[in-house]
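Q: Predicted structure and sequence below. I'll ask about it afterward.
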Amino acid sequence: MMDVLQGIAYGIVGFAVLVVVGIVIISKLGDATGGEANTSAQYLGTQLGSSGLAGWIPAVIAVAIGALFLSYFMSKEQ
């Protein structure tokens, strides 16, 4: 069971790193272009951040761990 939790943890950390790298790249791209593109890039960075995609990380963690425990108890032989 710990192996599965470790795999879930790696996936969540990888997702968080991907979001952070995406935010950094988009904000740097917006700063380089300026004007309307900068406004759009800053908005997209906000949508990737805590108010958007990254805001779902706690829910994903809860669902993954809940599904893991349900599958463990449902597959247990009696």
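A: Looks like it came in fine.

Q: low-confidence ranges in the chain?
A: For the chain, the stretches with pLDDT under 70 are 1-2, 50, 76-78.

Q: Could I get the full set of helices for it?
A: 2-33, 35-48, 57-74 (DSSP state H).

Q: got the angle for the shortest one vs helix 2-33?
A: So that's helix 35-48. 160 degrees (axes from the mean of the first three to the mean of the last three CA atoms, to 10 degrees).

Q: Buried residues in helix 35-48, which are they?
A: 41, 44-45, 48 (16 or more other CB atoms under 10 Å). Using the backbone N, CA and C atoms, a C-beta is placed for each residue, glycine as well.

Q: residues contacting residue 49?
A: 19, 23, 55 (CB atoms under 8 Å, 6 or more residues apart in numbering).

Q: Wait, the first one touches residue 47, no?
A: No - counting by CB atoms under 8 Å, residue 19 does not reach residue 47; the two are 10.5 Å apart.

Q: between those two, what contacts are shared?
A: residue 53.

Q: circling back to that earlier point, now, of the contacts of residue 49, which are buried?
A: By 16+ other CB under 10 Å, these give 19, 23 as buried.

Q: just to revisit the earlier point, now render the buried residues of helix 35-48 as a markdown table, adding distance to residue 64.
A: A markdown table is the format used below for the buried residues of helix 35-48 (distance: CB to CB, whole Å):
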| residue | distance to residue 64 |
| --- | --- |
| 41 | 31 |
| 44 | 26 |
| 45 | 26 |
| 48 | 21 |
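
Q: Not counting sequence-adjacent ones, nearest residue to residue 22?
A: Nearest non-adjacent residue to residue 22, counting by CB to CB, 6 or more residues apart in numbering: residue 48, 5.4 Å away.

Q: Same check on residue 61?
A: Closest to residue 61 by CB to CB, 6+ apart is residue 12, at 6.2 Å.

Q: and the one you found, how far is that from residue 27?
A: Separation of residue 12 from residue 27 (CB to CB, to the nearest Å) stands at 23 Å.

Q: Sweet, I'm off.
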